[in-house]
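Q: predicted structure and sequence below. I'll ask about it afterward.
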Amino acid sequence: MAGKSARHRVAIIGCGRLGQKYAQAYSTYPDTEIVAIAEYNDERRQAVGERFGITALYPDVQALLGDVVPDIAAVVTPTKFYKEAVIACAEAGVKGISTDKPIAGKLSDADTMVEVCRERGIVYAGGNLQRAMSEVQEVARRIHAGQYGPIIGASVHRWGSGEISGGGCQHVAVLTLLAGAEVAEVIAWGTPAEALASDTDEGLIINGRFHLSNGIDCAVFGMGTPYRGVDVWSEDTLIRWDWGPPEIYQGYDAHGARQRIEAHYAPYRWSEFGYLTTSIRSFLAAVETGSELVISGHDLRQALEVAIAAKVSAQRGSVPIKLPLEDRSLSLYPRRYRWLGGDEDGLPQSVEEAAGR
Ligand SMILES: NC(=O)c1ccc[n+]([C@@H]2O[C@H](COP(=O)([O-])OP(=O)(O)OC[C@H]3O[C@@H](n4cnc5c(N)ncnc54)[C@H](O)[C@@H]3O)[C@@H](O)[C@H]2O)c1
């Protein structure tokens, strides 16, 4: 794009509903330029090409890499196609790769993607998750700087809303950030029986307990309590992420109830793209300087692993399951829309919508 410094040449792999959000963001930042798009659907490919002013258009990642090797590849196909795209981009010499969520169906596929990138020194970023939200990151920094005192408890509410992998990775990624720990052991109870017996996470409601690596036991509620997110608390402060900037409660009123205080979060640039911006900016910084990602491929893998462990625990009569899982052949597939996309699930995006009209 003329006039841009374009430090990062970007390819979008899969340019459906979410891919177009990535494309909007990457075409707005002053230091990024979209150089190519791979999109499987012919009409949508033409529509998004015109919409974002891109002429280097390809049906798939192989065709794209045959012509262009970008610095950055944003993989936003349905989950089934992430692995092929990540490996192809890594082998072609792309410096940074992101996928979205959930990372995979099979745990071994998640391992392959994380390992291929690690071995080659490629940054593997984790996409559009609430963990990346600037306010979530800011409250985490405050917690870890000791501003609220040591965290002594945690809970997860309405885990995944009936999608413990597809949506539940949001909860796990926020929990591990705010608690400053990973999930070390899972014990779970699951309903309904048909969902527990299937190979997907669709409709499965899990209640249970995550034992964290810092010794905290985290209660896990499958339904709303009425909250829907993650709470962590210290002696006198409760931080509540409930899908948005975390609320902070500090001290108690005359009746012993918690009092909400003003969080005073700093404003964030390019807030029109929400937490996608924080995720992408940390990704670009990591490619430039090796700095830490706000959400990584490893975080996505850990979320899949926790979801698999919960399902296995519930299936086996609530056996405690330790993480990392020994059996890397285990799997948990997301619902059809996430796995195969809207076209295969009977929810295709119209050409008008893809064209931004
Ligand atoms: N982080 C979030 O909040 C969030 C929200 C929605 C979706 N997602 C995830 O994003 C992914 C995509 O979801 P979506 O809503 O954009 O789906 P979508 O069906 O709207 O778009 C997927 C696009 O990828 C294209 N595609 C499929 N296979 C391809 C291939 N091999 N090569 C190139 N293009 C290919 C399809 O033609 C389609 O245009 C899914 O994994 C989903 O779980 C994440």
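A: Yep, it's here.
Q: list the contacts for the closest residue to the ligand within the stretch 101-250 of the chain?
A: Taking CB to the nearest ligand atom, the ligand has its nearest neighbour within the stretch 101-250 of the chain at residue 128, 3.6 Å off. Backbone N, C-alpha and C define where each C-beta goes, glycine included. Neighbouring residues of residue 128 by CB atoms under 8 Å, 6 or more residues apart in numbering: 18, 21-22, 100-101, 275-276, 279.
Q: now, which of these lie close to the ligand?
A: 18, 100-101 (CB under 6 Å from any ligand atom).
Q: can you pull the residues of the protein lying near the ligand?
A: Counting by CB under 6 Å from any ligand atom, the positions of the chain adjacent to the ligand are 13-19, 38-41, 44, 60-61, 76-79, 81, 100-101, 127-129, 338, 341-343, 349.
Q: buried ones from the residues you listed, can you make that a PyMOL selection?
A: In PyMOL, this line selects whichever of the residues of the chain next to the ligand come out buried by 16 or more other CB atoms under 10 Å:
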select buried, resi 13+14+15+16+18+19+38+39+40+41+44+60+61+76+77+78+79+81+100+101+127+128+129+338+341+349
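Q: next step: the residues of the chain next to the ligand restricted to strands.
A: 13, 38 (DSSP state E).
Q: before we move on, back to that, export the ones next to the ligand among the contacts of residue 128 to a markdown table and tack on pLDDT and distance to residue 332?
A: Below are these laid out as a markdown table (pLDDT from 0 to 100; distance: CB to CB, whole Å):
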| residue | pLDDT | distance to residue 332 |
| --- | --- | --- |
| 18 | 98 | 21 |
| 100 | 97 | 17 |
| 101 | 97 | 13 |
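Q: just give the nearest non-adjacent residue to residue 122, would you?
A: residue 90 (5.5 Å; CB to CB, 6 or more residues apart in numbering).
Q: buried residues in the one helix or strand that neighbour maps to?
A: Assessed by DSSP states H and E, residue 90 sits inside helix 82-92. Neighbour-count burial for helix 82-92 flags 82-90, 92 (criterion: 16+ other CB under 10 Å).
Q: now for that helix, which elements pack on it?
A: helix 61-67, strand 72-75, strand 96-98, helix 107-120 (3 or more CB pairs under 8 Å, 6 or more residues apart in numbering; DSSP states H and E).
Q: paired strands for the third one, with orientation please.
A: According to DSSP bridges, strand 96-98 forms sheet pairs with strand 72-75 (parallel), strand 123-125 (parallel).
Q: next, the buried residues of stretch 44-53.
A: In terms of neighbour count (16+ other CB under 10 Å), stretch 44-53 has its buried residues at 44-45, 47-49, 51-52.
Q: and it, what's its mean pLDDT?
A: Averaged across stretch 44-53, pLDDT comes to 98.
Q: now do it: distance to the chain's middle.
A: Using CA atoms, centre = their mean, to the nearest Å, the distance from the centre of stretch 44-53 to the centre of the chain it belongs to is 26 Å.
Q: rewinding a little: these two touch, right, the residue nearest to residue 122 and residue 115?
A: No. Contact criterion CB atoms under 8 Å: residue 90 and residue 115 do not qualify, at 9.9 Å.
Q: could I get the ones next to the ligand among the contacts of residue 128 as TSV with distance to residue 322?
A: What follows is those, written out as TSV (distance: CB to CB, whole Å):
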residue	distance to residue 322
18	34
100	28
101	24
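Q: okay, now the residue lying closest to residue 266 once chain neighbours are set aside: neighbour count?
A: Take residue 266 and drop its neighbours on the chain: the residue closest to it by CB to CB, 6+ apart is residue 138, 6.5 Å away. Other residues near residue 138 come to 17 when the count uses other CB atoms under 10 Å.
Q: any idea of the mean pLDDT for whatever helix or strand residue 138 lives in?
A: Under the criterion of DSSP H and E, residue 138 resides in helix 134-144. For helix 134-144, mean pLDDT is 97.
Q: find the closest residue to the ligand in this protein.
A: Using CB to the nearest ligand atom, the single residue of the chain nearest to the ligand is residue 16, 1.8 Å away.
Q: once you drop chain neighbours, what's closest to that residue?
A: Among residues not flanking residue 16 along the chain, residue 349 sits closest, at 5.6 Å (CB to CB, 6+ apart).
Q: per-residue confidence at the residue nearest to residue 118 when sequence neighbours are not counted?
A: Counting by CB to CB, 6+ apart, residue 118 lies nearest to residue 124, which is 7.5 Å off, once chain neighbours are set aside. Note for residue 124: predicted pLDDT of 98.
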